[in-house]
Each structure stands twice: as structure tokens, then as C-alpha cells.
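Enquirer: After the sequence you'll find the predicted model.
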4 protein chains.
Amino acid sequence: MNPNQPQAINETRLRVRYAETDQMGVVYHCNHFVWFEVGRVELLRQLGFSYRDMESKDGRFIAVAEAKCRYRAPARYDDEVLVRTQLLNVRDSVVHFGYELRRVEDGTLLAEGETTHIVTDAEMKIAVLPEKYLTVFRAAVGKQNGEPLERTSHQR
Amino acid sequence: MNPNQPQAINETRLRVRYAETDQMGVVYHCNHFVWFEVGRVELLRQLGFSYRDMESKDGRFIAVAEAKCRYRAPARYDDEVLVRTQLLNVRDSVVHFGYELRRVEDGTLLAEGETTHIVTDAEMKIAVLPEKYLTVFRAAVGKQNGEPLERTSHQR
Amino acid sequence: MNPNQPQAINETRLRVRYAETDQMGVVYHCNHFVWFEVGRVELLRQLGFSYRDMESKDGRFIAVAEAKCRYRAPARYDDEVLVRTQLLNVRDSVVHFGYELRRVEDGTLLAEGETTHIVTDAEMKIAVLPEKYLTVFRAAVGKQNGEPLERTSHQR
Amino acid sequence: MNPNQPQAINETRLRVRYAETDQMGVVYHCNHFVWFEVGRVELLRQLGFSYRDMESKDGRFIAVAEAKCRYRAPARYDDEVLVRTQLLNVRDSVVHFGYELRRVEDGTLLAEGETTHIVTDAEMKIAVLPEKYLTVFRAAVGKQNGEPLERTSHQR
């Protein structure tokens, strides 16, 4: 493993808001996807990019094409949650992320998920990710110049 | 009262979603503002306008400048809620709405609120509402050509 | 097909709220799961049950164990959306729903999804669904007394 | 000013989530109330209390009775926002908070607001705040044993 290789996994923490709970006394299940998005943005930042600039300066959007989540244990109000985000795969116009949510206090796995994104322009037409992103993203998933290595050990 | 006068009050119904509850077992208080917005859009529709077109065709936005809500009784999951929306006042670049939320089943007053909006263009600069809206809006608050009549009986 | 058999598919309409859009100008992807929940509750109502009563009177909750959505076309502000919900499968403690979202105006498929639920008691321990629900649910997925018929033509 | 007096103002930072924007390209106005709630919980924590424990151990809830917000400048995606929360007033069964939201980058005032809360028990009946909270809260608003000092300089 090249130590100069971009770090392919981001870890971010957030605290469960009251607004995110429902009357079952746990976090309503759609919020997990919002947290995935928080992790995704922070992973991009860690790789040297701002998703805000990707949109406003490069005119590229990563629209969600597929999203899934498996809920393992309820997240509760005021829990501190660790969002672990990994770049699973990248192609010219497709980006694929994986996520793990854990309760910080005791390490309990709360949920696992994946999202697949299509790169689009501002009119929502499919577009190619600019080379500066592709280069870094490919390195981050363990590929070099489009040459795929073995799939990462990510097992879900 | 002129029978041709636009109806200044809209009544719309919605059903409380599970997502809108919190762990106190009642609707989380920020959702009432979302319901006010539902009522506002339906009042515009009743007056002959589409807020979607106001944005996309006329390039006018009604940004929220102030919002308030007084909570009278908890709204609960699966309640059917009546949103009663009234146009309280309109000036060239300011629109002022009032709202009442009632549980349909027993008429209980759940909340009352008001929002004040500034009319802007797409760059969020203050702009004047096109005359076609102003004419109808003024009539709807009981004014004609800018000449104010007595204030409506709306007391809050 | 027995005409007395409970109708296994529910169709409900809702209108996209401004609050549900994001700065890409389309509906933020987590709201589709909220709409699935709206469809689920209405399917239960069509089958003769109130999810509110299931919780408050029978002490049974259907916690989400897995959720996924494939996004086919962007939903936009003020679109009227048809939520088509189907009971895909039921076992003593597991319920599985499928969904389709279509724009009413032109029939465009917006998204497809599935959710799997674990039946729990108020302490979030796995529990068996009371017989009155099981009987109706099984009939609704084309089973009788636990005897599985051929899988429905639902292909995803 | 007694240096041992509890600090009456809390400052917390959060980053605007994509989910919180709307198609106007700015933060949807109901999210400001969610951020006020984040500030409120952190102010309680700073005063030595956990709102989670207040609910689960002391059986006291602070239901929102009134909420208002004046929007001064649009908050945008990925902005870092400073939430400044102040305890404005406390009586046996009423707590009153004030808020200011500022963009961290340039100090721009984004919004100001206030919320009033009624203390209730788990059945949502009005209840008195336990003495341990009252003592600290009163000190935090510049009162001692219910004896009001001059009002704080908070001007809105």
C-alpha cells in the first residue's frame, strides 16, 4: 500500500437531532440516507474536493441513482454516530459509495448502506467526471489510470 | 361582499406522516411550517396561480422573511389536518399570510401562524410582484387598486 | 382470482412539497422513502387496518430492517405523484413491501423500491404479528393459511 | 458578574447539509428551527444537563409553545453556521430561549429567533421543572432564587 495514496475511507461524527427521531423513539429511517450524504461530502473534502465547487465551478452533479440501507440497531436521540464512508468504485459517469454507521459510545453497528450516483451536468444529462476528480477517485478505490485492481475487501 | 371577488381563504387537508412525528409522540414543531407552505401554494392555486410558474416563468420567488407559529395542541400521527390559509396583506414586494391548523376529526385548533415573504428575482434581489399577481392579491385581501378597505376580521 | 380477496395493491397520490426539493431543483432522494411510508400506511388502511391502532392498541410496530430505492427520473416541485404499494411477502415477524412512484401527469416512472420490516413489540423485541393481520396479509400476497402460491408477477 | 455563574450563552457550529437546501438554492426555512433545537440542547449540556436524561430520568419534556424566526440572509449548502443560544427567561413551567445564526466564514447574520417552551410530564400535562434545573436556569438568566435582576441586554 502506497502511503501517498489518497485515504479511501472517511470517518465523520454527528449527533442525533431530536428532529430525526420518530414516535417509535428511534431515528426515522430516512435520516440514515442524509447521514450517508454527510459522509460522502466529507470523504470528498478529505480527497481534496468541495462538492459545492464541483457543482458551482465544474458544473457536475452526482445524482443518486440507487440507495439502500440495512438497519442493524436503532439509533437514538443524542447518540453520537460515526459515519464511515468508502469510495467503492468509480467509472467515467458513475460513482459508488459504501457506508457504515456506528454508535460511538459502544461501537454498535447501526446500519450499513450503499449509494450509486450518476454524474450529470446542470441539465441533469449524463456527463463525464472531470479528469482531476477521476484521477484521485481511481487512486482512492485502488485503481491506477483506469486499470482495475482486485475488488476491495468490502463485503456486505 | 362582491361575489366575483377572489376567495381569500383556502382550506386544504393533509394527513400526518410518521416521518413528521418525534419521540415525544407528537408532530415535531418544524413541520407546521412545511404545512403552512402547503396551504400557501394551494391558496395561490385557488387564486389562479401556480407557484411553480411564478418561479420558472415569471422569475419571481417569495422568500420567507419571517415565520412564527403558536402551538395550541399536539398534532398526532395519522391525524387529518385542515390547513386554513389567508392572504393577510400584500405590497409591491411583500406578501403576508396567516394560517390556522385544525384537527379535522374534532375541530381542535392545533396551531396558528404567520409568514411574511419578500418578493425576489432569481438572484435573490428584491423585486416587484408582476401586476397580474398584485391585482388578484389585492382583491383577495379586500383592497382595490391599492386603496385599502377595512382590515379583515383576522385577529391574532 | 377470488373477487373477495383483499386488494393487494394500493394507489395513493401526493403532491411534491417545496420542502422536499433540494438545490439541484429536484426532490431530495430521502423523501422517496417517506412517500413509500405514506403508501404503506394507505395499503394497510385499504386492507382494513390502521397502523396507528396497530401500534397503540395491539402494541406491534413494523420497524424498517432494509430499504432500497432505484431512482429512474427526477421528481419535481408541485408534481403530483402516484405511489403504488404492494404487499410482496409476509411471514410471522417479517413484512415485505414493494413500491412504484409515477408522475401522474405523464405516467413517467420516477422510482421503484422495496422495504423489509421486522415486527416488534414496544420494547423493539421481535414479535409475531397478531393473527388478524396475518390472515389478511397472507391473502393479500396470494397465500392461504401460510400455504404459498406462486410468486406474484412483481419483477424487480 | 460572578465568574462562577453558569455561562448563559452557548455557541455551537454545524455545517449545512444538502438535504437542508431547496430549489431556490438556499436552506429551506424550517431547518432554522431544527438548528435552534441543536443550540438549545448544547446550551443545556453546557449548563450540566442532558435533555435526554431530562426526558428519560426526570420525566420532564419542554414542548414548544411558540417559535419564531426572522431571516436576514440566506444560508447556503456547505456553509458553516454558528448557532448562538441564550436562555432568555425561566419560570416554573416556562422556558424561553433566544437564538442567532451566523455564517462562520464572514460573520454574516443569517437569522434570529426565539422559542417558548412549556414544561410537561410524559402525558403532556403542564408540570414544574425540577429544582435542580430551576436553580441553574435562573442563575443563567441572571436571576437568583426567583429574584429578577435587570433584564439582559438581549435586544431583538
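Expert: That came through, no problem.

Enquirer: Run the angle between the longest helix along chain A and helix C:31-46 for me.
Expert: Across chain A, the longest stretch assigned as helix under DSSP state H is helix A:31-46. With axes from the mean of the first three to the mean of the last three Cα atoms, to 10 degrees defining the directions, helix A:31-46 sits at 170 degrees from helix C:31-46.

Enquirer: How about residues contacting helix A:31-46?
Expert: For helix A:31-46, contacts defined as Cβ atoms under 8 Å, 6 or more residues apart in numbering or on different chains pick out A:6-7, A:9-10, A:12, A:14, A:20, A:50-51, A:54, A:67, A:69, A:71, A:75, A:81, A:83-87, A:97, A:99, A:101, A:110-111, A:113, A:115, C:29-30, C:33, D:15, D:17-19, D:78. (C-beta placed from N, C-alpha, C; glycine too.)

Enquirer: ok, of the residues you listed, which come out buried?
Expert: Buried members of the contacts of helix A:31-46, counted by 16 or more other Cβ atoms under 10 Å in any protein chain shown: A:6, A:9-10, A:12, A:14, A:20, A:51, A:54, A:67, A:69, A:71, A:75, A:81, A:83-87, A:97, A:99, A:101, A:110-111, A:113, A:115, C:29-30, C:33, D:15, D:17-19, D:78.

Enquirer: quick revisit: return the subset of the contacts of helix A:31-46 lying in helices.
Expert: Judged by DSSP H, the subset of the contacts of helix A:31-46 located in helices is A:Y51, A:M54, C:F33.

Enquirer: between the residues you listed, which is nearest D:D106?
Expert: Nearest to D:D106 among the ones in helices among the contacts of helix A:31-46 is A:Y51, at 20.4 Å by Cβ to Cβ.

Enquirer: A:Y71: what's it in contact with?
Expert: A:H29, A:H32, A:L110, A:A111, C:A63, C:V64, C:A65, C:E66, C:A67.

Enquirer: From A:I9, how far out is the third one?
Expert: I take that to be A:L110. To A:I9, A:L110 is 17 Å away according to Cβ to Cβ, to the nearest Å.

Enquirer: returning to what we had before: possible to save the contacts of A:Y71 as a markdown table with pLDDT?
Expert: Formatted as a markdown table, those follow (pLDDT from 0 to 100):
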| residue | pLDDT |
| --- | --- |
| A:H29 | 98 |
| A:H32 | 98 |
| A:L110 | 98 |
| A:A111 | 98 |
| C:A63 | 95 |
| C:V64 | 97 |
| C:A65 | 98 |
| C:E66 | 98 |
| C:A67 | 98 |
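
Enquirer: Geometrically speaking, which residue is the centre of chain A?
Expert: By Cα atoms, centre = their mean, chain A has its centre lying nearest to A:R40, at 3.2 Å.

Enquirer: Read off the pLDDT value for the residue of chain A positioned farthest from its centre.
Expert: Distance from the centre of chain A peaks at A:Q23, with 28.0 Å (Cα atoms, centre = their mean). A:Q23 carries a pLDDT value of 95.

Enquirer: how far away is it from chain D?
Expert: 13 Å (Cβ to the nearest Cβ, to the nearest Å).

Enquirer: which residues sit in contact with that residue?
Expert: B:Y18, B:T21, B:D22, B:Q23, B:M24, B:G25, B:V26, B:Y77, C:E55.

Enquirer: Could you do A:I9 as well?
Expert: Counting by Cβ under 8 Å, 6+ apart, A:I9 has contacts A:L43, A:R84, A:T85, A:Q86.

Enquirer: Out of these, which sit inside strands?
Expert: A:R84, A:T85, A:Q86 (DSSP state E).

Enquirer: Turn these into TSV, columns for distance to D:L129 and pLDDT.
Expert: Listed next are these as TSV, based on distance: Cβ to Cβ, whole Å; pLDDT from 0 to 100:
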residue	distance to D:L129	pLDDT
A:R84	39	97
A:T85	41	97
A:Q86	45	95
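
Enquirer: Show me which residues of chain A are close to chain C?
Expert: A:23-24, A:26, A:29-31, A:33-34, A:55, A:61, A:63-71, A:74, A:124 (Cβ under 8 Å from any Cβ of the partner chain).

Enquirer: Can you flag which of those belong to strands?
Expert: Among the residues of chain A next to chain C, the members falling in strands are A:F61, A:A63, A:V64, A:A65, A:E66, A:A67, A:K68, A:C69, A:R70, A:Y71 (criterion: DSSP E).

Enquirer: Write the PyMOL selection for whichever of the residues you listed are buried.
Expert: In PyMOL, a selection of the buried entries from those looks like this (16+ other Cβ under 10 Å):
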select buried, chain A and resi 61+64+65+66+67+68+69+70+71
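
Enquirer: Okay, and A:N89 sits in which element?
Expert: Assessed by DSSP states H and E, A:N89 sits inside strand A:80-91.

Enquirer: Now the residue in chain A positioned nearest to chain C: closest residue in space, sequence neighbours ignored.
Expert: For chain A and chain C, the shortest gap (Cβ to the nearest Cβ) falls at A:K68, measuring 3.5 Å. Nearest residue to A:K68, sequence neighbours excluded (Cβ to Cβ, 6 or more residues apart in numbering or on different chains): C:K68, at 3.5 Å.

Enquirer: If the one you found is in a bridge, with which residues?
Expert: A:K68, C:E114 (DSSP bridges).

Enquirer: wait, it sits on A:E66?
Expert: Yes: C:K68 is within contact range of A:E66, at 7.2 Å (criterion: Cβ atoms under 8 Å).

Enquirer: that older thread, the residue nearest to the centre of chain A and A:A122, how far apart?
Expert: A:R40 is 20 Å from A:A122, where distance means Cβ to Cβ.

Enquirer: can you check A:L129 too?
Expert: 14 Å.

Enquirer: more crowded one of those two?
Expert: The residue with more neighbours, out of A:L129 and A:A122, is A:L129; 21 against 13, by other Cβ atoms under 10 Å in any protein chain shown.

Enquirer: Then the more buried one would be within a strand, right?
Expert: No: A:L129: not assigned to a strand; according to DSSP: H, G, I helix; E, B strand; the rest coil it is coil.

Enquirer: Angles on the backbone of it, please.
Expert: The phi/psi pair for A:L129 (degrees, to the nearest 10) reads phi -70, psi 130.

Enquirer: Could you do A:R76 as well?
Expert: According to degrees, to the nearest 10, A:R76 has phi -120, psi 160.

Enquirer: neighbours of the nearest residue to it once chain neighbours are set aside, just the number please.
Expert: Distances taken as Cβ to Cβ, 6+ apart put A:V26 closest to A:R76, at 5.8 Å, once the chain neighbours are dropped. For A:V26, the count of nearby residues is 23 (other Cβ under 10 Å).

Enquirer: I figured A:V26 was touching A:A73, is that so?
Expert: No: taking contacts as Cβ under 8 Å, A:V26 lies outside contact range of A:A73: 9.3 Å.

Enquirer: Counting by contacts, list what the helix or strand containing A:L134 packs against.
Expert: Under the criterion of DSSP H and E, A:L134 resides in helix A:131-140. Applying 3 or more Cβ pairs under 8 Å, 6 or more residues apart in numbering or on different chains; DSSP states H and E, one finds that helix A:131-140 contacts strand A:80-91.
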